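Asker: Just to be clear, the model below is a prediction. Sequence and coordinates:
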Amino acid sequence: MIYNFAQIELKEALSIYSNFAKTEEGKGRILNQREFLSKEEIEEKHKFIKLFENFEEEYLTEISELKIFLRPILEEPNYVFNEKELFLILKRIGYLEKLKENLKKLKDPLAEKFISSIFDTKKLEPFEELFSEEGLLKKDANENLKKLNKKEKLIFSQIQKTLEKEIEKYRNYLSEHTIMFKDERYCLPVKKIHQRKVEGIFWGISNSKETAFIEPTSLLNLNNLYRSVLSEIEAEKQKICQEITDEIKRYLEEILKSLDTLYEIDFFNSLAKFKKNFKGVLPEIVEKEEGINLVNSYHPLLLWLNKDNPSKVIPLNLNLKPPKKCLILTGPNGGGKTIALKTVGLMIGLALMGFPLIARDGTKIPHIEKLFISIGDSQDLTKGLSSFTSVISNLSVFLQGANDKSFCLLDEVGFGTNPDEGAALGISILKGLADKNCYIIAATHIDYIKFLSLEDERFLNGSMAFDEKTGFPTFEFIKDFLGKSNAITIAEKFGLPKEIIEKAKGYLNKKSIEIETLLEKLGRLTKERMDELENLKNERENTKRLIEKINEERVKEREKLISDFENFKKEYWEKLNIEIENLRKEGFHIGKRKEERLIINLTPKNPLEEKEEVPFPFFINSKVFHKTLKKIGVLKRIEGEIGIVEIEGKNVWVNLKELESRFDEERKSTVNFVLKKEEVKNSLNLIGKRVEEAQDEIDIFLDNSIKYGIKKVKIIHGHGTGKLRRGIREYLKNHPLVSKFGAEEGDGATWVEIKNE
């Protein structure tokens, strides 16, 4: 419950939220929010707001128009929709299917609550197909209508032929050589002076009074037949409209229920869009004992009014929690105390209604039951109350109704009467509310009230900041600081004559000046002390967390090293055993050497064990590891102690001493299959292979070709992206068995001549 919600511009704030709604009913649901929800209800509401953050809001407005189109049958039970009305209704009912599809895209079980409440459009879907894009019933909407329209077309054709003859017959008497449709009869436009020369029935005269519309005698029967069939067509259409209307009435309750669901969707969707647009948050609702914490929070109305230049609005950061639940807010005139109170009030009110806030993560709102507000001039002329008596009347209600589940926001407490009496009343009222154990934020300029925190540990001070250099307030909140009013300084900045300012300074009571100075020093010292304590506390917490983190990481790293090494051994021994077995089965004549090399290269070594440097003869196109770059590449060229290595698609000049071999030593070994004579081929198909796989097969293929005396072979690689072709030809350039090679088959294959040796 919010007491005096108008004083925090709640209605205006809700209006901003409602701007994101697509339906009038959705807007209404937002604007009518006033009641606080339970924690469970707020959490539930937050879930649905999150659900709609990525919702596609198609056709919400169009579907909501159903309420207007369906109104006639709600007001008049026997009403029958015409074909145009039915087209518009069925089209909007059809949009419900798109609404369900968009809900399903959210892929969240919560969406099922809405999907299951939406009307199954398949029940009326067949009727949609009866209408043309123009919104009229198709001529073949049913068999009877189809026959009638065919009949109408036939009669019309006969009318046309007859009229053509009549036009030719009376050509000299007509004002135009065309046919006219008058009172649902086809006629001839006859010049009025020749009216009697045309046999037929007179149906009227033109606006110019120069043309008479005459139905020739020869057309009488055809026109009668035509009117008859038109009446039958209309009757059949009415019959279809009655049938569709009855079906809509049959499902009316389900359709109206879908509209209620639509309004609920619009409500949550608009809150989600507000949150996204203003980069807001769903605040954490905490127990009242945890207090309030506002992080970069904004009054929505201020931000909306300054949406073209939002940087002008200064966010409010404020924290208040037990045992100090009562804040005395001080600071300069025009420094933002009232705005701060209104912002706090709105943050609490909106949050406890389940709304997102324009704030940042970390914002916490205590779950209270009553929010009491007394801000601004409450003078009530209708009751004959002055500002002071009106405020006292409000505070009397607060004192009676407040408890430990209440939050009180008071502006200018003790203002409006004799300063001494006002101070005494203000202190008494604030202590009385504090005795109720409620939260209090009270703004004041009265020095005696500012001292309340020095004698009562339940109170603390805070101030809206003032820049002494510029002479203007900064609108920032500073906790544990006593602020001065700075009324004379501000008056001077805003143009009050200098002589008036000087006189005002002379009238100041010296005691008041001393108190102001003392308050300022006290506030500054308190702030410095609190900042030091906060910094020490943060450093201690950070150090503690750092030690804990280091210890945790040390344990995790040790466990990970042991686990990784064991997995490494297991994984590569499995690969090694598989490779050895494959080599044995394949029967390579160098299998044994390859097996020995694989054992050396793939056996994991303890990273702490010292290694002997063993010189390694590098080969062109062999894989190497660059020890400085920590990258694996392919050696492309050697010039003395310098080489070119292709690493991640780029050629890099390196010193060979920086390289190590990597797993591909076996590639330069000569490998032979033992083949039967009949298995020998002079072509090798490598389409679909990786370059590395292709190189191994080329070695085997060329070795076997030499063995069986084949001098020229063909390697098929296809066109594709060209990567395989380039890789094969690059490999053939430096192959010891290749004499020369070239392209064939439109560059989809490569011929290779083999050396004689």
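Answerer: Perfect, thanks for sending it.
Asker: Please enumerate the strands of the stretch 51-200 of the chain.
Answerer: 180-182, 185-191, 200-205 (DSSP state E, counting those that start in this stretch).
Asker: which of those sits most buried?
Answerer: Sort those by mean neighbour count, taking mean count of other CB atoms under 10 Å, and strand 185-191 sits at the top with a mean of 22. Placement of C-beta: from N, CA and C, glycine included.
Asker: Point out the other helices and strands that that one packs with.
Answerer: The contact analysis (3 or more CB pairs under 8 Å, 6 or more residues apart in numbering; DSSP states H and E) places strand 185-191 against helix 143-169, strand 180-182, strand 200-205, strand 211-216, helix 220-250.
Asker: mind running it again at 6 Å?
Answerer: Where contact means 3 or more CB pairs under 6 Å, 6 or more residues apart in numbering; DSSP states H and E, strand 185-191 is packed against strand 211-216.
Asker: got the contact list for the strand it packs on?
Answerer: 166, 175, 180, 182, 185, 187-190, 192, 195, 198, 200-205 (CB atoms under 6 Å, 6 or more residues apart in numbering).
Asker: roughly how far out does that strand sit from the chain middle?
Answerer: Mean C-alpha position of strand 211-216 versus that of the full chain (CA atoms, centre = their mean, to the nearest Å) differs by 68 Å.
Asker: how many neighbours does residue 574 have?
Answerer: 10 (other CB atoms under 10 Å).
Asker: Give me the pLDDT for it.
Answerer: At residue 574, the model reports a pLDDT of 75.
Asker: Could you pull up the residues touching residue 739?
Answerer: Here residue 739 is in contact with 753, 755 (CB under 6 Å, 6+ apart).
Asker: That one and residue 749, how far apart?
Answerer: Counting by CB to CB, to the nearest Å, the gap from residue 739 to residue 749 is 17 Å.
Asker: what do you get for residue 644?
Answerer: Separation of residue 644 from residue 749 (CB to CB) stands at 29 Å.
Asker: the more surrounded of the two?
Answerer: Neighbours per residue (other CB under 10 Å) separate residue 644 from residue 749, with residue 749 holding more: 22 against 16.
Asker: Provide the partner residues of the more buried one in its beta bridges.
Answerer: Under DSSP bridges, the beta-bridge partners of residue 749 are residue 716, residue 744.
Asker: Does it touch residue 713 like I think?
Answerer: No. Under the criterion of CB atoms under 6 Å, residue 749 is not in contact with residue 713, lying 10.3 Å apart.
Asker: just checking, residue 131 touches residue 86?
Answerer: No. The pair residue 131 / residue 86 is not scored as a contact, 7.3 Å apart, by CB under 6 Å.
Asker: between the two, who's got more neighbours?
Answerer: A count of neighbours by other CB under 10 Å puts residue 86 above the other of residue 131 and residue 86, at 24 against 20.
Asker: tally of neighbours for the nearest residue to that one once chain neighbours are set aside?
Answerer: Nearest residue to residue 86, sequence neighbours excluded (CB to CB, 6 or more residues apart in numbering): residue 244, at 5.3 Å. Residues within reach of residue 244, counting by other CB under 10 Å, total 24.
Asker: so how far is residue 453 from residue 374?
Answerer: Distance of residue 374 to residue 453, given as CB to CB: 21 Å.
Asker: Looking only at neighbour counts, state which of those two leads.
Answerer: Set residue 374 next to residue 453 and count neighbours by other CB under 10 Å: residue 374 wins out with 24 against 21.
Asker: what's the helix or strand for the residue lying closest to that one once chain neighbours are set aside?
Answerer: Spatial nearest neighbour of residue 374, chain neighbours left out: residue 394 (4.7 Å); criterion: CB to CB, 6+ apart. Element membership for residue 394 (DSSP states H and E) is helix 387-401.
Asker: Same check on residue 460?
Answerer: Secondary structure (DSSP H and E) places residue 460 in strand 459-467.
Asker: next one: residue 372
Answerer: Assigned by DSSP H and E, residue 372 belongs to strand 370-374.
Asker: partners of that strand in the sheet?
Answerer: When pairing is defined by DSSP bridges, strand 370-374 lines up against strand 2-3 (parallel), strand 406-410 (parallel).
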